[in-house]
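# For reference, the sequence and a predicted model appear below.
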Amino acid sequence: MPPDQPVDDNLHSPPRRMIELRIEHADLDNLIDRAAEQSPIDELAMRRLKKRRLLLRDQIARLEAELDPPEPA
């Protein structure tokens, strides 16, 4: 990293954001799996977790498209 580039820029870079989103998505997967094993299942909490996971997946897909745009035909 060049000495004149602030460290803050690296903390908010798209590749770093992608890593953070993927980690959060994996954490939610684990949380959903554990919640599904509990009895009784809290349906409202489960729906909220799944909705958050879907939102994260959409954010990841958008960021992937920005970072690696499709080749023109």
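The structure has been received and is ready for your questions.
# Against residue 59, how distant is the most centrally placed residue in the chain?
Centroid check for the chain by CA atoms, centre = their mean gives residue 21 as the closest residue, at 2.3 Å. For residue 21, the distance to residue 59 equals 6 Å [CB to CB, to the nearest Å]. From N, CA and C alone the C-beta is placed, and that goes for glycine too.
# Repeat that for residue 44.
Counting by CB to CB - residue 44 and residue 59 are separated by 23 Å.
# Comparing those two, which shows the higher neighbour count?
The neighbour comparison of residue 44 against residue 59 (other CB atoms under 10 Å) goes to residue 59, with 15 against 8.
# Other residues contacting the helix or strand hosting that one?
Here residue 59 is covered by helix 43-67, with elements defined by DSSP states H and E. Outside helix 43-67, the residues that touch it by CB atoms under 8 Å, 6 or more residues apart in numbering are 14-15, 17-18, 21-22, 24-25, 28-29, 31-32, 35-36.
# can you check stretch 27-37 too?
Residues from elsewhere that reach stretch 27-37 (CB under 8 Å, 6+ apart): 41-42, 45-46, 49-50, 52-53, 56.
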